[in-house]
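J.: Need a 3D model of the sequence below.
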Amino acid sequence: MGKNYHEYLWVGGGLDTNFSCMNIPGRTIWKEIIKAGKMADDTGASFSSSFSKKLGNGNTILFWDEIWCGSERLGDTFHRLYMLESNKDATVADRIINVNSTSTSNWCWVRPPRGRALNEILELNNLISSVTLTDQSDSWKFNLDSTGIYTTKTLSQIINNLKLGIHASAILIQRNKFTPQKVNFFAWRVIQRKIPIRVELDKRGIDLDTILCPLCDTDTETIDHTFVTCPKTSQIRELILTWWSQAITSITNLGDVIINNQSFTSNNIGSSLWQATKWIVCYIIWKHRNLKVLLKKEWSPATIVSEIQTQSYSWISKRSKKKKPIEWQQWLINPSSYVVTSSHRVGVG
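T.: All right, here's what the predicted structure looks like:
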């Protein structure tokens, strides 16, 4: 096959995920690239078709077989001319020549075009008439970002948006310094949908007595139901919002539960504390879900909220470095007032 696998994997406008990894011996980086590309495509991100060639001097872009002018390969659009081409591997620089700052075509046919092929020449000449080659090398353009530059951060944001909804673009999932590592990790697992929800266990062939939500016993247990639409979760959320003096608003997706901190957009400390509280809410809801499954024990929403208040105070106060410590009574009555009046430095924790 040749040693330069990338020449086979990058086809037209992106990554050729139909290329068989079996053709590549051993565990090479290109196998991993193909695998990662397919995984990204499965999220709906269209990663494999997200790259296109950006024309520079035209020395490395195939004139007929790569997408560089328009949305299709010229060999497909002008099929009759393609069949008459003497060198189907000709580059753009082979077929377009700059003369006195003017682009001129440089055709090489196996025989002179005639009939409908003459009409195709007129159309093709008109299409490439505005093309100007430069002294810069050809490059790749990432079409999913306005800058045209690919970064892992950008792709992560795109995938988060697809999975979580529009609020995912507001902030990347990053460690919250007010919560312990286990809560940070749990929030990440929720976002990635990597917790053992009954529906997912059932899909994997695990025999369960029921796939109903153990918290409410009224609907199928999915991750969106558990943290977004479950009636018991909704009761807990309303009590938490009231405790924080926040308006009771409808929650539609996981992005609202884990990421969206728009109530405190003007206060970074407030956003971090509010996010920490929401993550702790999810963590303790999942804890009580497991207690219901394993021990058949059940607590009221008010009791669970009381535990959330106590646990959040313990974790957050230990990780907050300020001259005056957080007062328990102030935290219990109205933590949002603490956010407004405090001026402290966040600890690493």
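J.: Helices of the stretch 151-300 of the chain, start to end?
T.: Using DSSP state H, counting those that start in this stretch, the helices of the stretch 151-300 of the chain run over residues 152-164, 181-191, 198-203, 223-224, 231-243, 254-258, 268-295.
J.: mean confidence for the fifth one?
T.: Helix 231-243 shows an average pLDDT of 94 in the prediction.
J.: For burial, what's the neighbour tally of Thr147?
T.: Look at Thr147: counted by other C-beta atoms under 10 Å, it has 9 neighbours. Glycine gets a C-beta too; all of them are placed from N, C-alpha and C.
J.: Quick check: it vs Tyr283, distance?
T.: 37 Å (C-beta to C-beta, to the nearest Å).
J.: helices or strands next to the helix or strand harbouring Glu32 in the packing?
T.: Using DSSP states H and E, Glu32 falls within helix 29-42. Contacts defined by 3 or more C-beta pairs under 8 Å, 6 or more residues apart in numbering; DSSP states H and E place helix 29-42 against helix 6-9, strand 14-15.
J.: tell me the domain ranges of this protein?
T.: As assigned by automatic domain parsing, the chain contains the domains 6-142, 167-346.
J.: Go through those and name the closest to Ile159.
T.: Ile159 lies closest to domain 6-142 among the domains of the chain, at 4.9 Å (C-beta to C-beta).
J.: if we can go back for a sec, next secondary structure after the helix holding Glu32?
T.: Per DSSP H and E, helix 29-42 leads on to strand 51-54 as the next helix or strand towards the C-terminus.
J.: Walk me through which strands that following strand pairs with, and which way each runs.
T.: strand 139-142 (antiparallel) (DSSP bridges).
J.: which outside residues touch the partner strand?
T.: For strand 139-142, the external contacting residues (C-beta atoms under 8 Å, 6 or more residues apart in numbering) are Ser50, Phe51, Ser52, Lys53, Lys54, Gly56, Gly148, Ile149, Tyr150, Thr154.
J.: And the furthest pair within those?
T.: Using C-beta to C-beta, the contacts of strand 139-142 reach their maximum pairwise distance at Gly56 and Thr154, which is 22.7 Å.
J.: Can I get the domains of the chain in CSV including distance to Ile158?
T.: Shown next, in CSV, are these (distance: least, C-beta to C-beta, whole Å):
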stretch, distance to Ile158
domain 6-142, 5
domain 167-346, 9
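J.: Confidence-wise, which of those is weakest overall?
T.: Lowest mean pLDDT of those: domain 6-142, a mean of 81.
J.: which residues are in contact with stretch 82-97?
T.: Here stretch 82-97 has contacts from 55, 57-65, 68, 74-76, 103-111, 113, 117, 128, 131, 133, using C-beta under 8 Å, 6+ apart.
J.: To clarify, my last question referred to stretch 49-68.
T.: The contact list for stretch 49-68 (C-beta under 8 Å, 6+ apart) reads 10, 12-15, 69, 73-75, 82, 85, 88-96, 131, 133-144, 148, 150.
J.: distance of the nearest residue to Thr77 once chain neighbours are set aside from Thr60?
T.: Excluding the flanking residues, the one nearest Thr77 by C-beta to C-beta, 6 or more residues apart in numbering is Gly70, at 7.0 Å. In this view, Gly70 and Thr60 are 19 Å apart by C-beta to C-beta.
J.: Looking at the two, which has the bigger crowd around it?
T.: Each of Gly70 and Thr60 has its neighbours counted (other C-beta under 10 Å); Thr60 has more, 15 against 10.
J.: did I read that right, that one in a strand?
T.: No. In this structure, Thr60 is coil, not part of a strand, as judged by DSSP: H, G, I helix; E, B strand; the rest coil.
J.: And the residue lying closest to Ile195 once chain neighbours are set aside, how close does it get to Val92?
T.: Leaving out its chain neighbours, the residue that sits closest to Ile195 by C-beta to C-beta, 6+ apart is Arg189, at 5.3 Å. Per C-beta to C-beta, Arg189 is found 48 Å from Val92.
J.: so what's the spatially most central residue of the chain up against?
T.: Nearest to the mean C-alpha position of the chain, by C-alpha atoms, centre = their mean, lies Ile159 at 1.7 Å. Going by C-beta under 8 Å, 6+ apart, Ile159 touches Ala40, Thr43, Ala45.
J.: my guess is the second one contacts Asn161, does it?
T.: No. Using C-beta atoms under 8 Å, Thr43 makes no contact with Asn161, being 9.9 Å away.
J.: Can you pick out the residue with more neighbours from the two?
T.: For the pair Thr43 and Asn161, the greater number of neighbours falls to Asn161 (18 against 15), based on other C-beta under 10 Å.
J.: ok, now which ones touch Val281?
T.: Residues in contact with Val281 (C-beta under 8 Å, 6+ apart) are Ile236, Arg237, Ile240, Ile308.
J.: again, but for Asp202
T.: Contacts of Asp202 (C-beta under 8 Å, 6+ apart): Leu208, Ile211.
J.: Tell me how far it lies from Cys216.
T.: Applying C-beta to C-beta, the value for Asp202 to Cys216 is 18 Å.
J.: Then Trp274?
T.: Counting by C-beta to C-beta, the gap from Trp274 to Cys216 is 26 Å.
J.: These two - which one has more neighbours?
T.: Trp274 (23 against 17).
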